[in-house]
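**Student:** Could you look at this predicted model? Sequence included:
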Amino acid sequence: MKSAVIVFPGSNCDRDIAVALEQASGKKPHMAFHKDTDLPDVDVIAVPGGFSYGDYLRCGAMAAHSPIMKVVKERAAKGVRVVGICNGFQIITEAGLLPGALIRNKSLKYVCRTVGLRVETNDSDFTRKYAKGQVIGIPVGHGEGNYVADDETLKRLEGEGLVAFRYAALPGQSADQANPNGATNDIAGIFNAQRNVLGMMPHPERAFDPLHGNTDGRAFFDSLVETLS
Amino acid sequence: MSAHKEPVVNEALAAEHGIKADEYKRLLEIVGRQPTFTELGIYSVMWSEHCSYKSSRVWLKKFPTTAPWVICGPGENAGVIDIGDGQAAIFKMESHNHPSYIEPFQGAATGVGGILRDVFTMGARPIANLNALRFGEPDHPKTRQLVAGVVSGIGHYGNCVGVPTVGGETNFHKAYNGNCLVNAMTVGIADQDKIFYSKAAGVGNPVVYVGSKTGRDGIHGATMSSAEFTEDSEAKRPTVQVGDPFTEKLLIEACLELMNTDAIQSIQDMGAAGLTSSSVEMAGKGGLGIELHLEKVPQRETGMTPYEIMLSESQERMLMILKPGSEDVARAIFEKWELDFAVIGHLTDTGRFVLKMNGDTYCDLELAPLFDAAPLYHRPWEETPAQPPLDLDEDELWPEDLSLGDILTKLVACPDLASKRWIWQQYDSQVGADTRFLSGQADAAVVRVHGTNKALAMSSDVTPRYCFADPVQGGRQAVAESYRNVSAVGALPLAITDNMNFGNPEKPRIMGQFAGCVEGMAEACRVLDYPVVSGNVSLYNETNGVGILPTPTVGGVGLLADGHKAVGLGFKNDGDVILLVGETEGHLGQSLYLREILGLEEGPAPAVDLETEKRHGTFVRDAIQAGLITASHDVSDGGLQVALAEMAMAGNKGADLSGLDGWHVAELFGEDQGRYVLTVKPADLDAVEAQAAEAGVTLTRIGTVGGDALTGASGAIISVADLIAANEAWLPNYMNGKVG
């Protein structure tokens, strides 16, 4: 599996996702800079978390208009897998690769903790190594992760099975502690209609290594490797 | 002398700059003429307490600062220690107390930004931030707003720059009502052959300014931080700087990229007193002169005067001396990251500090005295009187209407011990994907050294109420507790950074607290082989004549050869045997039990036996390294019973504590030092007991992990769920205005 990681000014999870991709695939990802106008031939493109352009104006808004995103959109249209995590989810949503928007957390506060995620479908290149309905623990860290969309879009996402992950209570947690940001329908991650683009707020690269004390994110990368190798 | 007309300097104007009459006389003697306005401004910041350490320098010399593993001790931007494999850990703690009280969000944010720069200036990639916060009593009208602002400022900055905030401490006491403390610590990693220092060299070499543009913010911040507060301190808000973490993130990447080339001769961040202190210190260390052309300084505002440019504390700026011919390489990297880059002057062999703007000279001073002839005070001090011993009968000690469970509930819910989840969940603690433990999960935060199996353990510690009661014991205890916390995760304690927060040093009583704490800390550092490699002093933490508790915060760093071996504090397996390391006499003086249950802040501070600390710490580390320990926690605030409750809450598991049957209240809640609670699997018990016997360490079996409550011989004391509920409720309720 050949991969690329996009680096914007202010990205700060670029190294973390690159480490996970390399460990899972055995190949060093290509690191692309925001000003680049081309990408090598890759199977998956990761748009990482962080504070691209300081999150000034609106999270992801400026990054969505950077030269490299034109290339990412072209590749996505050709079926290349694209995953946007956290700020990356905000960027690819701003870029129009996914519907809806991510607004300020309901608490109005940044939140960093491990949340429960229910894997809504394992019928995707990103989730095939999970069991459908499995609840995994994955860290989040964001101030604007509250997913919203108009009713029609929500109906389509739900109806076509395009919700990838939903916040769910971890063992010992009460149901009202599950959703960290107030996202509509507890949505934590969604696919595009073709299921080659995934946006998600939680960070699987932070639950990857035994040192993290939790390796629930490992199967995410293994799914991609199994599909694309 | 110059085109821009400056005010005439006299003694009154000097006094407005915080320069006292005798200091002004000294200044006139050194300069040999009336200084210009710009020169006066420069002298005032260089001679401020904040920059010159004029009250504390004679005392700081008492700290041990060397060890075979110390690469660079105090005097540089941060301390540097050897962590093997050609790598170094670079770290420092610094206060941003005065600005945070005046403008909590920006004050705390720029505190984080400043300490990050101190570390990456030296070539290190920052890998962890910690924060030690002290606020006034919860029902003081300003406290809630300060907590909210400071926490949000720290999160705003740290989260955006992508450095995990992994630890710290938060306490409340009325002594901080008028002066909160915000002590920020950064730890970074560098290759030993890529460490950068601030000593300028090479006559003619270009002086380069990079980062943000200079504006009028923060002018005289260093002077503001060197004076007491009065009612009108709010008016000082314009002296607080404004931070931009996005620019800092770009600055980190650009500097580290440039450091990978061979372009930089020396580098320093522009912190307190901005361009003045950075240029004077760099040239001063190199014994050279420097000439700057201020019209070349990138400016955010028009019409700035030389005085304003030199005294601005605009954030996210660095000064560097480049090797000849390196300008183009450097410029290209800063342009890539869209940061300002300007050659603003050069080094000279004249030994003079020369500032020109548009051809006119505004400052022409001999540089060496600016750098090394600041006033030095041997301030009078008096010893803190000893506290009388406690005089309480056994029946006065335990309020009749409270059960043991009630007392524990009250203690774990008191502001100092209550869960700080509300705070740390607002910090990104995971970015970097190398975090093993946050503080709260283990006694020290543990972060892996990226790309290796090694990990650093980090902790910040001090018990101000002990320091107030007995500065020498309190100083010892701060270092000993740091040593204990680092040892408790299995790491070898290597070195500390200190952040000395005190009141007005012109008062002999306060200077006596400073002297006593230094004495105790220095002794502990010596015995524990735990030298001071960097630090910061913050004095004048007083409002209307009332000072804070003496608060010498200790930031400790230790090394684990294998980060996977680190041990947390939560109970882990049902059936594990719970062991107490150390002797318990039942010292209740200055304990949290006394304060929270009986409302008394009395008695002597607990004594610290440093040889015992060393022996116990070594035993704990060895047992962890041998893989025999499943959980480990030091016994500190609240004593043994609270330590056990914390282990139960962290592991969400109960324990049978019938081994404590018949223990007196003083033994359960006393704060005797040098103790740890460990858990071991039954199969490993013999091995651990044999190791303890060999090491001469007292080990007491006090119970067994299991169940969902803490139970004694006569049944349940309290359920773990109830403990957690009480522990978690206080801070969010307080911040929502429901209590306090």
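**Tutor:** The structure has been received and is ready for your questions.
**Student:** any idea how far the residue of chain A most remote from its centre is from chain B?
**Tutor:** What lies farthest from the middle of chain A is residue A:172; by CA atoms, centre = their mean that is 26.0 Å. Distance of residue A:172 to chain B, computed by CB to the nearest CB, to the nearest Å: 7 Å. In this view, the C-beta of every residue, glycine as well, is placed from N, C-alpha and C.
**Student:** Look up how far residue B:356 lies from that residue.
**Tutor:** 68 Å (CB to CB, to the nearest Å).
**Student:** With residue B:630 instead?
**Tutor:** Remark: distance between residue B:630 and residue B:356 (CB to CB) = 67 Å.
**Student:** that older thread, show the contacting residues for the residue farthest from the centre of chain A.
**Tutor:** Shown in contact with residue A:172 (CB atoms under 8 Å, 6 or more residues apart in numbering or on different chains): residue B:652.
**Student:** Same check on residue B:505?
**Tutor:** Taking CB under 8 Å, 6+ apart as the test, what residue B:505 contacts is B:49, B:55, B:56, B:377, B:379, B:511, B:514, B:539, B:540.
**Student:** Run through those residues and flag the ones next to chain A.
**Tutor:** Checked against chain A using CB under 8 Å from any CB of the partner chain, the contacts of residue B:505 yield no neighbours at all.
**Student:** Who is the residue nearest the centre of chain B paired with across the strands?
**Tutor:** Centroid-nearest residue in chain B, with CA atoms, centre = their mean: residue B:93, separated by 3.6 Å. When bridges are called by DSSP bridges, residue B:93 pairs up with residue B:185.
**Student:** next one: residue A:142
**Tutor:** Assigned bridge partners for residue A:142, using DSSP bridges, are residue A:111.
**Student:** Tell me how many other residues surround it.
**Tutor:** 25 (other CB atoms under 10 Å in any protein chain shown).
**Student:** still on that earlier bit, is it possible to get JSON lines of the contacts of residue B:505 that adds secondary structure and pLDDT?
**Tutor:** Formatted as JSON lines, the contacts of residue B:505 follow (DSSP: H, G, I helix; E, B strand; the rest coil; pLDDT from 0 to 100):
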{"residue": "B:49", "secondary structure": "helix", "pLDDT": "85"}
{"residue": "B:55", "secondary structure": "coil", "pLDDT": "90"}
{"residue": "B:56", "secondary structure": "coil", "pLDDT": "92"}
{"residue": "B:377", "secondary structure": "coil", "pLDDT": "91"}
{"residue": "B:379", "secondary structure": "coil", "pLDDT": "94"}
{"residue": "B:511", "secondary structure": "helix", "pLDDT": "97"}
{"residue": "B:514", "secondary structure": "helix", "pLDDT": "97"}
{"residue": "B:539", "secondary structure": "coil", "pLDDT": "94"}
{"residue": "B:540", "secondary structure": "coil", "pLDDT": "93"}
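**Student:** wait, isn't residue A:162 in contact with residue A:190?
**Tutor:** Yes: at 5.6 Å, residue A:162 counts as touching residue A:190 under the criterion of CB atoms under 8 Å.
**Student:** Assumed residue A:131 was part of a strand.
**Tutor:** No: with DSSP: H, G, I helix; E, B strand; the rest coil as the criterion, residue A:131 is coil rather than part of a strand.
**Student:** For the residue nearest to the centre of chain B, give its distance to chain A.
**Tutor:** Distance, residue B:93 to chain A, by CB to the nearest CB: 22 Å.
**Student:** Which residues are in contact with that residue?
**Tutor:** For residue B:93, the contacting residues are B:115, B:130, B:132, B:183-185, B:460, B:497-499, B:534-536, B:553, B:555, by CB under 8 Å, 6+ apart.
**Student:** most surrounded residue in those residues?
**Tutor:** Counting by other CB under 10 Å, top hit in the contacts of residue B:93: residue B:184 with 34 neighbours.
**Student:** Any figure for the gap between that residue and chain A?
**Tutor:** Distance, residue B:184 to chain A, by CB to the nearest CB: 17 Å.
**Student:** Would you check that that residue makes contact with residue B:111?
**Tutor:** Yes: if you go by CB under 8 Å, residue B:184 and residue B:111 touch, sitting 4.5 Å apart.
**Student:** anything in contact with each of these two?
**Tutor:** B:94, B:95, B:96, B:154.
**Student:** Sort out for me which of those residues are in strands.
**Tutor:** Those of these mapping onto strands are B:94, B:95, per DSSP state E.
**Student:** Out of the shared contacts of residue B:184 and residue B:111, which comes closest to chain A?
**Tutor:** Comparing the shared contacts of residue B:184 and residue B:111 against chain A with CB to the nearest CB places residue B:154 closest, at 10.6 Å.
**Student:** Leaving out sequence neighbours, find the closest residue to that closest one.
**Tutor:** Once flanking residues are discounted, residue B:154 sits nearest to residue B:108: 5.0 Å by CB to CB, 6 or more residues apart in numbering or on different chains.
**Student:** check contacts around the one you found.
**Tutor:** Counting by CB under 8 Å, 6+ apart, residue B:108 has contacts B:96, B:100, B:149, B:150, B:151, B:153, B:154, B:157, B:182, B:184.
**Student:** Farthest pair within these?
**Tutor:** Based on CB to CB, the longest span within the contacts of residue B:108 runs between B:149 and B:184 and measures 14.6 Å.
**Student:** any idea how far residue A:131 is from residue A:200?
**Tutor:** Taking CB to CB, one finds residue A:131 at 18 Å from residue A:200.
**Student:** Compare these two and say which one has the larger neighbour count.
**Tutor:** Between residue A:131 and residue A:200, counted using other CB under 10 Å, the more crowded position is residue A:200 (26 against 11).
**Student:** Just want the phi and psi numbers for the more buried one.
**Tutor:** When read as degrees, to the nearest 10, the backbone of residue A:200 gives phi -150, psi 150.
**Student:** and what of residue B:321?
**Tutor:** phi -100, psi 120.
**Student:** What is the burial count for it?
**Tutor:** Residue B:321: 27 neighbours (other CB under 10 Å).
**Student:** For it, which residues are in contact?
**Tutor:** With CB under 8 Å, 6+ apart, residue B:321 has these contacts: B:200-202, B:205-208, B:264-267, B:282, B:347.
**Student:** Can you name the residues bridging to residue A:115?
**Tutor:** Going by DSSP bridges, residue A:115 forms beta bridges with residue A:138.
**Student:** which ones are touching it?
**Tutor:** Residue A:115 sits in contact with A:137, A:138, A:139, A:140, A:167, A:170, A:178, A:180, A:188, A:202, where contact means CB under 8 Å, 6+ apart.
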